[in-house]
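J.: pasting the sequence and the predicted coordinates here, then a few questions.
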Amino acid sequence: MTYLGLSFVAPALGVFPYLLLTSMPASLPLSAFLTLLLVGNVGVLLMIVLMAYSVAYFGALTPDRVIKHSLIHYLLRGPLVGAVVIFTMLAVPKVQQILGLPRDTVLIFAVVGVVVLLQLAINLSKPFIDRIIYRQDREEIAWIQTLDRRLLTTGDLQSFLENTLAALCDLLQVRTGFVAVLAGGQHRLEAHCGERVQVDGFLESRDLTSVAMSIGNREEGNDFAPGNGFWLVPLHSQSSDMRLGVMGVEARGPEPDLTSSEQEVASHLIRRAQEALEDRYLQESVFDTLRRILPDIERLQRWRGATRYAGAPPMQIIADSPVYAPEFQQWVKDALSHYWGGPKLTESPLLGLRIVRSTLQDQGGPPTHALRNVLHEAIERLRPEGERRMMTTDWILYNILEFKFIRGLRVREVANRLAMSESDLYRKQRVAITEIARVLTDLEQDGNPPPPNGDGRSEVVAQENHLDNPL
C-alpha cells in the first residue's frame, strides 16, 4: 500500500509545478523549462509503472515472482521497445545529402534494426534480469529452468530411438528395426526404421512379453537372440532389473553372427537406448507425482492470493470452493453439456460446491441430481419477468441455455428457433455460460440451497407446446 500511495503523487507532480510557471514564462529559459518538463514526464512514467506494479498482485492466484517476471518482460519488450522506436524515428536526420539515400529507406532500416537488436539484447540480459527477480529463490528457479530445457519429451525420445535404430541398422547392413516399450503389461511400438508393415506383422504374430522374458534370462543382456526374421535384445534398466522393452533388427541370417567390433558398437547403441528409456520412465514418475500434487498446489495458491476484506466470504470457502478456480467457467460449460448425464457431470469438480452439498443434504438423491438442481436454479435466475419471447434481447441468454442444455436441441435447431446464425449463437452461448458462472458464485457465497425443481423436467414438459409454436 505504501507503493500505491506514493504512485498517486504522480498527477500532482506532473501538473502542479507547470501551473505556477505559466504566470512567469519570460523569467525561465526555454531549455530549463524543457528540462523540467522532461524530468516531470519521466517521474510520471515511473509512478505509473509503480502503480501498475502495486495493483498487479490483487486478485491474482499466481506467485509474486511470476507476476513480477511477466510485468518486467512486458515493460522491456513492449513500452521500452516502442519508446526507442519512436525516438529513432524522431532522431533520424535528413540523410539525403549524407548518404544519398531517401529518408524513408534509412528510417525503415533503422526501425527494423532497433527492434531486432533490442529483442536480442533483452534475450541476452534475461539471465541477469532473472537473478534480480529471483534473488531469494535463485537455486530453485535455476533447477526449474534446467528441467524445462532438458526434459525428454515423447517426440524427443522417438527421434532419439529412431536415430539409434538407423545407426544400428547401418552397422548390421539391414533395413528394418524397431523398439517396443513395456506399458501397462503390454509392449507398444515406440519407434521404428525401415518398413512399418514388416514391423507390424512381426508384432502381431509374436507375444513380445513372453519373448522378452525368455531372452531376458540369457547370460549377456546385450546379445541378440533370433526370433522369426528379427534379432531381438531385451532393454532393461541399468540400475535395476526392471524390463523397459525390446529392441529388434531385421535378421541377416538364421543366427546372430556379429563380429567383435560390431558387437562392441551394437552394445554401445543398445546401452544408449536403455538409458534414454530409463530417463523417460523416471520423468513419467515425476509427471505422475506432479499431477497428484497439482490440485494441492493450486489450493495453496488460492490461499496465498486470498485477501480478507470486510464482507468477504470466510477464508475456508475462499480456499476450497471451486468457484475461485481459474477453470471454473470451463467446468460450468462441461457440466451443462452433460446436463442429463455423462462423465462431465458425474465427475465434475462442481460437485464440491458448498451449495451442491447443501442441496444434497436437504433433498437427498445422487450428487448429480443435486448439481443438476443447482444448475437449473442458476438458469432460472437468468429468466426475465413477463411472457416469454423468442427473439427479444432480454430473453436471448435464457433461451439459449434452456434450448441448448436443458432440452438438448442441436445447434442448428436452436439457431433456427432464435433466428440467428450459428456463429452468433456460439458467441452468445459463451456470454450465457459466463452469466451462469456468476450466478453460481453468488449462490455459493449466499449458501442457500435452491428449492426442489424435479430436475427441471416439469417446466420443460409444461412449456413443450409453447416452445414448438413460439410465435
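T.: Yep, it's here. Numbering: from 1, shown residues only.

J.: let me see the domain layout of the protein.
T.: Domain ranges of the chain: 2-147, 154-282, 318-468, per automatic domain parsing.

J.: how much space between the residue lying closest to R77 once chain neighbours are set aside and H73?
T.: Spatial nearest neighbour of R77, excluding adjacent residues (Cβ to Cβ, 6 or more residues apart in numbering): I122 at 6.2 Å. For the C-beta atoms, the positions are set from N, CA and C on the backbone; glycine is no exception. Using Cβ to Cβ, to the nearest Å, we find I122 at a distance of 8 Å from H73.

J.: so where do the helices sit in the stretch 51-200 of the chain?
T.: Along the stretch 51-200 of the chain, counting by DSSP state H, counting those that start in this stretch, helices occupy 64-75, 81-91, 96-99, 103-133, 138-150, 154-172, 196-205.

J.: looking at those, which is closest to M242?
T.: Closest to M242 of these, according to Cβ to Cβ: helix 154-172, at 16.9 Å.

J.: give me the contacts around the closest one.
T.: The contact list for helix 154-172, computed with Cβ atoms under 8 Å, 6 or more residues apart in numbering, reads 152, 175-179, 190-194, 247, 249-250, 252, 258, 262, 265-266, 269-270, 272-273, 276-277, 280.

J.: follow-up on the earlier one: out of the helices of the stretch 51-200 of the chain, flag the one nearest T434.
T.: helix 64-75 (24.2 Å).

J.: need the CA coordinates for that closest one. CSV is fine.
T.: Only the C-alpha atoms of helix 64-75 are listed here, as CSV (Å, rounded to 0.1, in the frame of the first residue of the first chain):
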residue,chain,number,x,y,z
ASP,A,64,4.5,-13.0,-7.0
ARG,A,65,7.7,-14.0,-8.8
VAL,A,66,5.6,-15.0,-11.9
ILE,A,67,3.7,-11.7,-11.9
LYS,A,68,6.9,-9.7,-11.4
HIS,A,69,8.7,-11.6,-14.2
SER,A,70,5.8,-11.1,-16.6
LEU,A,71,5.5,-7.4,-15.8
ILE,A,72,9.2,-6.7,-16.2
HIS,A,73,9.4,-8.5,-19.5
TYR,A,74,6.3,-6.8,-20.8
LEU,A,75,7.8,-3.4,-19.9
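
J.: which residues does L351 contact?
T.: With Cβ under 8 Å, 6+ apart, L351 has these contacts: 367-368, 371.

J.: kindly recompute the last result at 10 Å.
T.: 322, 331, 335, 345, 357, 360, 367-368, 370-371, 374 (Cβ atoms under 10 Å, 6 or more residues apart in numbering).

J.: ditto for N228
T.: 201-202, 205-206, 211, 248, 251.

J.: by neighbours, which of the residues you listed wins?
T.: Using other Cβ atoms under 10 Å as the neighbour criterion, G248 leads the contacts of N228 with 27 neighbours.

J.: for L208, see how far away it is.
T.: For G248, the distance to L208 equals 9 Å [Cβ to Cβ].

J.: overlap in contacts, the two.
T.: Joint contacts of G248 and L208 (Cβ under 10 Å, 6+ apart) are 180, 202, 227, 232.

J.: which of those lies closest to R131?
T.: A180 (45.3 Å).

J.: count residues in the vicinity of that closest one, would you?
T.: 26.

J.: excluding covalently adjacent residues, which one is nearest to it?
T.: Spatially, and ignoring its direct neighbours in sequence, A180 is nearest to H187 (4.1 Å; Cβ to Cβ, 6+ apart).

J.: same check on I379?
T.: Excluding the flanking residues, the one nearest I379 by Cβ to Cβ, 6+ apart is L401, at 4.9 Å.

J.: helix, strand, or coil at the one you found?
T.: Using DSSP: H, G, I helix; E, B strand; the rest coil, the three-state assignment for L401 comes out as helix.
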